[in-house]
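> Attaching a predicted model along with its sequence, questions to come.
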Amino acid sequence: MTESDDWRDSVIPKAADEADHVIRSFREAPDGGKEIKVVPANAGIGHLYAEGEILVREEHLDRVLEILEPGAERDASRIRRIIDGVALLTLGEPQPLALDAIDAIDQQLGQGIATPNHVLTVAGGQPTICPATEPQEVYYDIEPFPSMCHDGGGDGVLVYMADTGLLRDAATHSWLHGVRMANPLEDADPKEPLQGDPPQITPYTGHGTFVAGVLRCIAPNTEILVENAFAIAGSELEADLVPRLDAALVLSPDIFHLTIACTSRNDLPLIAFQEWLRKVRQQGGVCIAAAGNSGIDRKVWPAAFPGVISVGALGGDWRGRANFSNFGSWVDVYAPGRDLINAFATGTYKCHVYPYADDPPRKFYGMAKWSGTSFSTPIVTGLIASRMSRTGETARQAAAALLAEARAQAIPGVGPVLLPAGYPLQPR
């Protein structure tokens, strides 16, 4: 299926605003930019991908080249290995449309041999591709919610967090002391200090800090390494993200925490991610991912992969599913994700999507209220880390025990549920 040039007429305003922001940010990126295309679906975003390139399973690469370029010699400059078993192919001249090329490959080799180079965003999905809400103002000097535990949970546990990086002043919040950037030169959020007086907070700034803050409130002694994996409008291409995750395997983290998501062409798995997850399993690690914020049961990746712990969000009273949370048999557990409060940037923030885009700027004093599966996910990661330090279990053992507990206290019509330690199952 080829994308429509008038896709904006087919989607709701919020999704159109979000997609436009992502498209513009990739186009203006310092590396020369990428052309991002949109495939609409059901009044929302079916998927986003980079035009002019496709991901291909390496064992079929010669056959793919024969299909697309009969008789042509292999041009190594157009082939880049992403991870063992998967390569990125830049399409030759005259350059066919990526989806047309994949359709031709599908017809001869079957689906799943070649896929688009999908765009992943911070807990996105369809119809929206970004966080459930934009950050909301809170009072100066407010405390985090859920509150910080003081039980030393997470001691000796390493979590690798792929998000938007870490604010330079994150450590001014006591519960974020010791949280580190993977690379101080690359993983500051944003990469360049905020400008203006007061500073103008750009979209997605502070997302990684907020997520790390929630995790630390649940398991305060957890060692967290944050990577700015989504510096382009809270987004990244599969072909650029997976090599960074692959490189992080040398750190042998107990838990990979991914607050990213995307829907895919024909709902097929992301093939580069699939190979990376195989290596995570071989190492004995655990991967946790947000289920996404579209309120649908369509599979969202990487959360929908077997073996990945996918986390949905409960609503404000913790008795029902948040209306933005994705759901379905592929979602393993639900945790609080509505109106959480934690560390954020200081300055003014201008909303950029419908229906708040024309509102006056919001003012922040280092804390914010935020909703999304991005924020329910670190509650689950924190509970696993806390149990590991308390029981001596491995990440897999602790995760299995907690998921069994979640299933035992499942809420009818919602699913398995986990809450922060010390909170009743159904608060009043």
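All right, it came through fine.
> Arg80 contacts Asn117, doesn't it?
No. Using C-beta atoms under 8 Å, Arg80 is not in contact with Asn117, being 10.8 Å away. Backbone N, C-alpha and C define where each C-beta goes, glycine included.
> Give me the distance between the residue lying closest to Tyr160 once chain neighbours are set aside and Pro30.
Taking C-beta to C-beta, 6 or more residues apart in numbering, and ignoring the residues beside it in sequence, Tyr160 has Pro253 as its nearest neighbour in space, at 3.9 Å. Counting by C-beta to C-beta, to the nearest Å, the gap between Pro253 and Pro30 amounts to 29 Å.
> So between the two, which is more surrounded?
Each of Pro253 and Pro30 has its neighbours counted (other C-beta atoms under 10 Å); Pro253 has more, 23 against 8.
> Buried residues, the helix or strand hosting Glu51. List them.
Element membership of Glu51, judged by DSSP states H and E, is strand 44-57. Of the residues in strand 44-57, those buried under the neighbour-count criterion (16 or more other C-beta atoms under 10 Å) are 44-57.
> quick one on the thing from earlier: any common contacting residues for Arg80 and Asn117?
Taking C-beta atoms under 8 Å, 6 or more residues apart in numbering as the contact definition, Arg80 and Asn117 share the neighbouring residues 88, 239.
> higher neighbour count, the two?
In this comparison of Arg80 against Asn117, neighbours counted by other C-beta under 10 Å, the higher total goes to Asn117 at 25 against 13.
> Assumed that one was part of a strand.
Yes. If the criterion is DSSP: H, G, I helix; E, B strand; the rest coil, then Asn117 is within a strand.
> give me every residue that touches it.
49-50, 53-55, 88, 98, 237-239.
> mind redoing it with 10 Å?
For Asn117, the residues meeting the contact criterion (C-beta atoms under 10 Å, 6 or more residues apart in numbering) are 34, 36, 48-55, 82, 88-90, 98, 237-240, 270, 272.
> ok, it to Glu59 distance?
Taking C-beta to C-beta as the measure, Asn117 and Glu59 are separated by 19 Å.
> same check, this time on Phe344
46 Å.
> what ranges do the strands span in the stretch 151-300 of the chain?
Chain-ordered strands for the stretch 151-300 of the chain, with DSSP state E, counting those that start in this stretch as the definition, fall at 158-163, 180-181, 200-201, 223-228, 235-237, 255-258, 286-290.
> got these as TSV, with mean pLDDT and mean neighbour count columns?
Formatted as TSV, the entries for those read as follows, by pLDDT from 0 to 100; neighbours: other C-beta atoms under 10 Å:
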stretch	mean pLDDT	mean neighbour count
strand 158-163	97	25
strand 180-181	96	17
strand 200-201	96	20
strand 223-228	97	24
strand 235-237	94	25
strand 255-258	98	27
strand 286-290	97	27
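> can I get these in JSON lines with distance to Ala171?
Compiled in JSON lines, these are given as follows (distance: least, C-beta to C-beta, whole Å):
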{"stretch": "strand 158-163", "distance to Ala171": "16"}
{"stretch": "strand 180-181", "distance to Ala171": "10"}
{"stretch": "strand 200-201", "distance to Ala171": "18"}
{"stretch": "strand 223-228", "distance to Ala171": "12"}
{"stretch": "strand 235-237", "distance to Ala171": "26"}
{"stretch": "strand 255-258", "distance to Ala171": "19"}
{"stretch": "strand 286-290", "distance to Ala171": "24"}
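> Tell me how far the residue nearest to Tyr160 lies from Leu194.
Distance of Pro253 to Leu194, computed by C-beta to C-beta: 29 Å.
> domain ranges for this protein?
According to automatic domain parsing, the chain is divided into the following domains: 7-121, 158-408.
> Help me confirm that Tyr139 is found in a helix?
No. Counting by three-state DSSP, Tyr139 is located in no helix; its state is coil.
> would you list every one of the helices in the stretch 251-400 of the chain?
Counting by DSSP state H, counting those that start in this stretch, the segments of the stretch 251-400 of the chain that form helices are 271-283, 373-391, 395-408.
> Could you say which of those is packed most deeply?
Ranked by mean neighbour count under mean count of other C-beta atoms under 10 Å, those are led by helix 373-391, which reaches a mean of 27.
> quick one: that one to strand 286-290, angle?
150 degrees (axes from the mean of the first three to the mean of the last three C-alpha atoms, to 10 degrees).
> What is the distance between helix 373-391 and the centre of its chain?
17 Å (C-alpha atoms, centre = their mean, to the nearest Å).
> Same question for stretch 296-307.
That offset, for stretch 296-307, works out to 12 Å (C-alpha atoms, centre = their mean).
> distance of Gly206 from Gly213?
Shown here: Gly206 relative to Gly213, a distance of 10 Å by C-beta to C-beta.
> make that Val157, sorry
According to C-beta to C-beta, Val157 and Gly213 sit 17 Å apart.
> rewinding a little: for Phe344 and Glu59, indicate the residue with more neighbours.
Taking Phe344 and Glu59 together and counting by other C-beta under 10 Å, Phe344 has the greater number of neighbours (28 against 10).
> if you skip the residues just before and after it, what's nearest to the more buried one?
Excluding its sequence neighbours, the residue lying closest to Phe344 (C-beta to C-beta, 6+ apart) is Ala368, at 3.6 Å.
> So in terms of bridging, what pairs with the one you found?
Using DSSP bridges, the beta-bridge partners of Ala368 come out as Asn342.
> Now do the nearest residue to Cys262 once chain neighbours are set aside: how many residues are near it, please.
Leaving aside its sequence neighbours, Cys262 sits nearest to Leu120 (C-beta to C-beta, 6+ apart; 4.5 Å). A count of nearby residues for Leu120, using other C-beta under 10 Å, gives 29.
> any idea which element Leu120 lies in?
Judged by DSSP H and E, Leu120 forms part of strand 114-121.
> what angle separates that strand from strand 44-57?
Here the directions of strand 114-121 and strand 44-57 differ by 130 degrees (the same axes, to 10 degrees).
> Measure how far strand 114-121 is from the centre of its chain, please.
Distance, centroid of strand 114-121 to centroid of chain: 13 Å (C-alpha atoms, centre = their mean).
> On the three-state scheme, Gln108 is what?
Assigned with three-state DSSP, Gln108 falls in the helix class.
> quick revisit: neighbour-wise, which of Val157 and Gly213 wins?
Neighbour tally, Val157 and Gly213, criterion other C-beta under 10 Å: the higher count belongs to Gly213, 27 against 24.
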